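Engineer: Whatever this is, show me its structure:
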Amino acid sequence: MDDLEGKVAVVTGAASGIGRALADRWADSGMKVVLADVEQEPLDVARDELDAIGAEVLAVRTDVGDAAQVDALAAATLEHFGAVHLVCNNAGVGGGGPMWETLLEDWKWVMDVNFWGVVHGIRAFVPHLVAQDEGHVVNTASVAGFAYAPMMGPYNASKAAVVAISETLAAELAMQGSKVGVTALCPGWVNTRIHESDRNRPGGPDANEELAAGRQMLAEILKAGTQPDEVAHLVAAAVREGTGHVFTGDEWIGLARARLDTVLTEMAVPDEA
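Structural biologist: Below is the predicted model of the structure:
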């Protein structure tokens with residue numbers, strides 16, 4: 001989809017991080033932008049800042065883990081702008097610790113946002129894209145969808161699922177001869193506040209001291225990561241070129257390749273009966 005001027009983009013998790021950078025990129029490209037986020041105050045700030053530079057923008061508070069709210073987001077988009085062309089299912093949270101100690105509530109929270117948020121976005125928006133035979137879907141996964149670090153079980157599982165459903169969606173659209181494109185965004189470390197995502201955790205941040213120390217360590221790592229606007233630049237190129245996967249550096253491609261090579265090398269071949 002190389003002609004973005006005047007088209008309509010929807011971005012979830014749009015009030016900060018990669019989502020905010022994507023919203024800025026689409027506005028700079030002349031698109032009308034629908035901002036969705038679970039946090040009302042930062043969402044209002046993002047709306048006001050984009051409005052101040054002359055962008056046509058709509059802000060809709062949305063919990064992507066709730067199918068009804070994502071359906072309402074789609075309805076608001078169509079009512080306000082009359083169309084939708086680019087959908088960025090981007091909202092995401094972090095979560096982890098030893099899997100045998102991770103609360104079921106935390107598994108549910110991470111999967112609700114990272115996995116079900118994407119599913120809800122596909123169900124709510126893709127029928128409109130298919131009907132007009134034009135558009136693109138960007139699902140934010142992670143390099144963690146390919147290579148699985150310890151202490152990140154829920155996050156790894158959710159992102160592997162996003163990679164799988166993105167590739168499946170692309171195959172299904174191709175089977176129908178649809179012009180709708182799909183991109184799985186698979187970044188490595190990015191300078192965002194995902195280490196603080198448990199500010200939106202049901203019940204509030206986990207008080208576990210070990211997890212708090214881990215979050216602080218992650219914060220230092222993320223500071224040295226790719227800037228969100230650089231990620232948005234890569235995504236914009238992928239949307240225009242129809243690229244199926246976006247990584248944020250050769251080192252992350254190498255990590256995914258090394259993991260696959262390890263799996264293939266260690267595969268056990270059953271003896272012939």
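
Engineer: hey, let's count contacts and neighbours off CA atoms from now on
Structural biologist: Will do.

Engineer: hey, which helix is longest across this structure?
Structural biologist: Secondary structure of the chain read by DSSP state H shows that its longest helix is helix 153-175.

Engineer: Could you pull up the mean pLDDT of that helix?
Structural biologist: Helix 153-175 carries an average pLDDT of 98.

Engineer: Okay, buried residues for that helix please.
Structural biologist: For helix 153-175, the neighbour count (16 or more other Cα atoms under 10 Å) marks 153-163, 165-167, 169-170, 173 as buried.

Engineer: cool, stretch 23-33 as well?
Structural biologist: Buried-residue list, stretch 23-33, by 16+ other Cα under 10 Å: Ala23, Asp24, Arg25, Trp26, Ala27, Ser29, Gly30, Met31, Lys32, Val33.

Engineer: In PDB, could you pull the C-alpha coordinates for that stretch?
Structural biologist: Written as PDB, here are the backbone C-alpha positions of stretch 23-33 (Å, rounded to 0.1, in the frame of the first residue of the first chain):
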ATOM      1  CA  ALA A  23       0.900   7.500  14.900                       C
ATOM      2  CA  ASP A  24       3.300  10.400  14.300                       C
ATOM      3  CA  ARG A  25       4.600   8.700  11.200                       C
ATOM      4  CA  TRP A  26       1.200   8.200   9.700                       C
ATOM      5  CA  ALA A  27       0.200  11.800  10.500                       C
ATOM      6  CA  ASP A  28       3.400  13.000   8.800                       C
ATOM      7  CA  SER A  29       2.400  10.900   5.800                       C
ATOM      8  CA  GLY A  30      -0.900  12.800   5.500                       C
ATOM      9  CA  MET A  31      -3.000  10.000   6.900                       C
ATOM     10  CA  LYS A  32      -6.000  10.500   9.200                       C
ATOM     11  CA  VAL A  33      -5.100   8.800  12.500                       C
END
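
Engineer: ok, residues contacting it?
Structural biologist: Outside stretch 23-33, the residues that touch it by Cα atoms under 8 Å, 6 or more residues apart in numbering are 4-11, 14, 35, 50, 55-58, 81, 229, 232-233, 236.

Engineer: just stretch 35-47 next, same as before
Structural biologist: Contacts of stretch 35-47 (Cα under 8 Å, 6+ apart): 10-16, 20, 23, 57-64, 73, 91.

Engineer: Just the ones of the contacts of stretch 23-33 in helices?
Structural biologist: Of the positions in the contacts of stretch 23-33, Leu50, Phe81, Asp229, Ala232, His233, Ala236 sit in helices, assigned by DSSP H.

Engineer: pretty sure the third one is in contact with Ile18, am I right?
Structural biologist: Right, Asp229. Yes. Assessed by Cα atoms under 8 Å, Asp229 is found in contact with Ile18 at 7.3 Å.

Engineer: the more surrounded of those two?
Structural biologist: For Asp229 versus Ile18, neighbours defined as other Cα atoms under 10 Å are more numerous around Ile18 (28 against 20).

Engineer: if I pick the closest residue to that one other than its chain neighbours, what's in contact with it?
Structural biologist: Distances taken as Cα to Cα, 6 or more residues apart in numbering place Pro228 nearest to Ile18, at 4.9 Å, with adjacent residues excluded. Pro228 is in contact with Gly17, Ile18, Ala21, Val190, Asn191, Thr192, counting by Cα under 8 Å, 6+ apart.

Engineer: The third one should be in a strand, yeah?
Structural biologist: It refers to Ala21. No. Ala21 is assigned helix when assessed by DSSP: H, G, I helix; E, B strand; the rest coil, not a strand.
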